[in-house]
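Student: no letters, just coordinates:
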């Protein structure tokens, strides 16, 4: 059972456009929602993360929006650049029960930004 | 000054062989992990160790055996390799109280022929 559902599977965006990746979860024990970025041939790297008591977090061109009641969160990449082309993973972790001490990853979104 | 390192980077071997992958982190983290990433990029956790103690042991064939000689090292030994074991294996580490903040190694691409 996939604990974190991610869409779309792939995304093609023109340079300068906005890339949007969506994720949803069911387990209310999750209390931290990070996004990871993975370039080909490299390991995933933490990009940005948010707690459910905050509705939005922005770091440079990357913004996480969080909707606690809908149990959904999304990553927005403003002014997308070819260098942003990578696979993006949303994830969730918690501090109790089966969520303690582990990350549950979405299945990833392959982003391609055309110049 | 690599934070999480893995060796080897590539591993090509035949079915039935036994192989090991080594991982070391110099971040001072308490927790280390092994993940398997399949051809569709899905990241699946296999094991987690906290201060040399096994914390997470997912539904993984017992041909896979992790070993943590100290909290900076986590090795993965695989017996009787099968074609389906072909994947990229990632080691990661995190501070003990921040499992959401994981630092991944560069990965080991295992190909079983």
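Tutor: Received the coordinates, thanks. All of these numbers come straight from a predicted model, not from anything done at the bench. Numbering: from 1, shown residues only, chains lettered A, B, ... in the order given.

Student: count of residues packed around residue B:91?
Tutor: The tally of other residues near residue B:91 (other CB atoms under 10 Å in any protein chain shown) stands at 29. For every residue, glycine as well, the C-beta is placed using N, CA and C.

Student: now it. Nearest residue, chain neighbours left out?
Tutor: residue B:23 (3.4 Å; CB to CB, 6 or more residues apart in numbering or on different chains).

Student: need the contact partners of the helix or strand containing the one you found.
Tutor: Element membership for residue B:23, per DSSP states H and E: strand B:19-25. For strand B:19-25, the surrounding residues in contact (CB atoms under 8 Å, 6 or more residues apart in numbering or on different chains) are B:3-8, B:11, B:13, B:32, B:34, B:72-78, B:81, B:89, B:91, B:93, B:103, B:105, B:108, B:110.

Student: strand partners (parallel or antiparallel) of that strand?
Tutor: Counting by DSSP bridges, the strands paired with strand B:19-25 are strand B:4-7 (antiparallel), strand B:73-78 (antiparallel).

Student: now do it: distance to the chain's middle.
Tutor: Relative to its chain's centre, strand B:19-25 lies at 7 Å (CA atoms, centre = their mean, to the nearest Å).

Student: next, the angle strand B:73-78 makes with whichever helix or strand comes after it.
Tutor: Beyond strand B:19-25 on the C-terminal side, the first helix or strand identified by DSSP H and E is strand B:31-37. Angle of strand B:31-37 versus strand B:73-78, following axes from the mean of the first three to the mean of the last three CA atoms, to 10 degrees, is 40 degrees.

Student: now the strands paired with strand B:19-25 in TSV, with mean pLDDT and mean neighbour count?
Tutor: Shown next, in TSV, are the strands paired with strand B:19-25 (pLDDT from 0 to 100; neighbours: other CB atoms under 10 Å in any protein chain shown):
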stretch	mean pLDDT	mean neighbour count
strand B:4-7	97	18
strand B:73-78	96	20
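
Student: name the element the most centrally placed residue in chain A belongs to?
Tutor: In chain A, the residue lying closest to the centroid (CA atoms, centre = their mean) is residue A:90, at 3.3 Å. For residue A:90, the host element (DSSP H and E) is strand A:86-94.

Student: get me the contact residues on chain B for chain A.
Tutor: With CB under 8 Å from any CB of the partner chain as the criterion, chain B meets chain A at residues B:4, B:31, B:40-43, B:45, B:48, B:50, B:55-56, B:90, B:92, B:99-107.

Student: list only buried entries from the residues you listed.
Tutor: Taking 16 or more other CB atoms under 10 Å in any protein chain shown as the criterion, what is buried in those is B:4, B:31, B:41-43, B:45, B:48, B:50, B:55-56, B:90, B:92, B:99-107.

Student: and the residues you listed, which of them are in strands?
Tutor: Secondary structure assignment by DSSP state E places B:4, B:31, B:43, B:45, B:48, B:50, B:55-56, B:90, B:92, B:103-104 of those in strands.

Student: picking that back up, ok, the strand holding residue A:90 near chain B or not?
Tutor: Yes - using CB under 8 Å from any CB, we find that strand A:86-94 touches chain B at A:87, A:89, A:91, A:93.

Student: just put those in TSV and tack on pLDDT and neighbour count.
Tutor: Supplementary listing: these in TSV, determined by pLDDT from 0 to 100; neighbours: other CB under 10 Å:
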residue	pLDDT	neighbour count
A:87	98	20
A:89	98	26
A:91	96	26
A:93	90	23
